[in-house]
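Peer 1: would you be able to build a 3D model of this:
(one chain, ligands or ions: 1)
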Amino acid sequence: MVGMLAAMPPPATLPVPTGAASVRDRGDACPGTLRLHRADDGALARVRIPGGVLSAAQAGVLRELAERLGDGELHLTSRGNVQLRGLRPDCGGELASRMGESGLLPSERHERVRNIVASPLSGLDGRGQRDIRPWLSALDELVCASDLTTELSGRFLFALDDGRGDVDPLGADVTVLARADGEAALRIGPAETVLRIPGAHAPQAALIAAETFLDTARGSGVWRVTELRAAGGILRGQVVRRLRQAGIHATHTTGPVHPAESAAPAPGVVDGPYDTVALCVGVPLGRVGAEQWRALTRAARRREGGGELRLTPWRGVVVPGVERARAAEELEALGAAGLIIGPGSPWTGVGACVGRPGCAKSLADVRAGATAALGPVGALPVYWSGCERRCGHPGGAWVDVVAAPDGYRISLVRDGERHAPLPVPDSPAALAAAVATARGLAGQRPAPRPGT
Ligand code: SF4
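Peer 2: Residues are numbered from 1 along each chain as shown. Predicted coordinates:
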């Protein structure tokens, strides 16, 4: 298989950007299905699920593997992927074989680079500018057919936004947004300006942008577009040139502005102009127990053709295609299983890294801390971390709670800036009060982004 660039006129040799920081000299140790990470609670596998889309049958396989080989839970990530934790160290072969049989491992060489988030309600609620599922399938196939993309870091991220602006703020390396006029906007890194391209070429353009990044960053130790810093401008110029070589017309644009909607889909019944509805649930701390997973797959399987689940980058799950007449009953069953089905749940917007005892770096059992300090629903998400790395933290504006040797530090993060942290002792009452205040004070949506 060859990369998209191999089929194009020979490109000029790209310079290693002088503005790029040589940010690391070690290999990418990001875990996958074939490369397990040894954690304190056993081996960990991260299963890439492009767009978070799982067939009900695949969901059943994941649940069975988690129960039989791991800790029995499915751990949702901030990219709509799934982690299996507490795995036996000798289970790698069986894991890979079952994943392959179920279609969760279409290319072993690309298993860690299929990082694609997509608007989870696209095509379900009548909003957005187009149903981006065809883009999702096409981009995943292109990534898996490219030799070059095997060189991407496991952290490199694509985002496909149906125009509602929900996954655009997640800070992907390459973002494609649907436009009202049928065209698409291609954003490379955090740039304010975007490239306007024909909608039909959006997946190909995203692949070309990723492949051009690889050539631009080669030798610099850079894994993400943001790490290119000043050289980001060189990259964007090269992408325009290569798009034109591929026959894709691209023009720079800065407007119009799409509405900002960076929050997760609200839990409940999602209606739309169709015969069926979707159910949207949140998952407390992103940990789905086996019975909860069974309840979700049961709801999905009632749909003709087997049904599917869509895992969201906000650690929630969407069940599309539910009969309208059964929606309330199905949602109630998911609520009875312990999932978040409405806006009043104190778990809404609360997240945490794995912390102790699963992570040796953690200074605290942050999941227990978050549970003990649950309070009223706040306007902004809150994320608890066991150390300064803040694995899996949300994007946009959020309340940051980090364990410290003498308790916790609480701060507000907005527009990439962290406000001065407030020290709070390790007391559930003190933490609940401080978190509630921070979430209340901070309750504004992030500003709209220009360029789409
Ligand atoms: S944020 Fe720190 S404590 Fe939490 S999972 Fe990451 S490394 Fe471990």
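Peer 1: so who does the nearest residue to residue 376 once chain neighbours are set aside touch?
Peer 2: Once flanking residues are discounted, residue 376 sits nearest to residue 436: 5.8 Å by Cβ to Cβ, 6 or more residues apart in numbering. Quick note: C-beta positions are derived from backbone N, CA and C, even for glycine. Listed by Cβ atoms under 8 Å, 6 or more residues apart in numbering, the contact set of residue 436 reads 375, 376, 378.
Peer 1: can I get these in CSV with pLDDT?
Peer 2: Formatted as CSV, the contacts of residue 436 follow (pLDDT from 0 to 100):
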residue, pLDDT
375, 90
376, 87
378, 85
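Peer 1: which among these end up buried?
Peer 2: 375, 378 (16 or more other Cβ atoms under 10 Å).
Peer 1: which stretches of this protein form helices?
Peer 2: 56-69, 92-101, 133-145, 202-217, 232-245, 290-301, 327-336, 366-372, 428-441 (DSSP state H).
Peer 1: deepest of these, which one?
Peer 2: helix 202-217 (a mean of 25; mean count of other Cβ atoms under 10 Å).
Peer 1: what angle do it and helix 232-245 make?
Peer 2: With axes from the mean of the first three to the mean of the last three Cα atoms, to 10 degrees applied, the angle from helix 202-217 to helix 232-245 works out at 130 degrees.
Peer 1: and the angle from helix 202-217 to helix 133-145?
Peer 2: Going by the same axes, to 10 degrees, helix 202-217 makes 40 degrees with helix 133-145.
Peer 1: what helices or strands is helix 202-217 leaning on?
Peer 2: helix 133-145, strand 158-161, strand 174-178, strand 184-188, helix 232-245 (3 or more Cβ pairs under 8 Å, 6 or more residues apart in numbering; DSSP states H and E).
Peer 1: any part of stretch 365-379 near the ligand?
Peer 2: No: shown here: stretch 365-379 not in contact with the ligand (Cβ under 6 Å from any ligand atom), separated by at least 6.9 Å.
Peer 1: and that stretch, end to end?
Peer 2: With Cα to Cα, to the nearest Å as the measure, stretch 365-379 spans 25 Å from end to end.
Peer 1: show me the contact partners of it.
Peer 2: Contacts with stretch 365-379, where a contact means Cβ under 8 Å, 6+ apart, come from 285, 287, 343-357, 382, 384-386, 399, 401, 403, 408, 426, 428, 431-433, 435-436, 438-440, 442-444.
Peer 1: of the residues you listed, buried ones?
Peer 2: 285, 287, 345, 347-356, 382, 384-386, 399, 401, 403, 408, 426, 431-432, 435-436, 438-439, 442.
Peer 1: about what we covered before: for the helices and strands packed on helix 202-217, which one sits closest to the ligand?
Peer 2: strand 158-161 (22.4 Å; Cβ to the nearest ligand atom).
Peer 1: now the closest one, how far from the chain's geometric center?
Peer 2: 9 Å (Cα atoms, centre = their mean, to the nearest Å).
Peer 1: what is that strand packed up against?
Peer 2: So strand 158-161, by 3+ Cβ pairs under 8 Å, 6+ apart, packs with strand 116-118, helix 133-145, strand 174-178, helix 202-217.
Peer 1: what comes up buried for that strand?
Peer 2: 158, 159, 160, 161.
Peer 1: with distance to the ligand and pLDDT as new columns, can the residues you listed be given to me in JSON lines?
Peer 2: Listed next are the buried residues of strand 158-161 as JSON lines, based on distance: Cβ to the nearest ligand atom, whole Å; pLDDT from 0 to 100:
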{"residue": "158", "distance to the ligand": "23", "pLDDT": "98"}
{"residue": "159", "distance to the ligand": "22", "pLDDT": "97"}
{"residue": "160", "distance to the ligand": "27", "pLDDT": "98"}
{"residue": "161", "distance to the ligand": "27", "pLDDT": "96"}
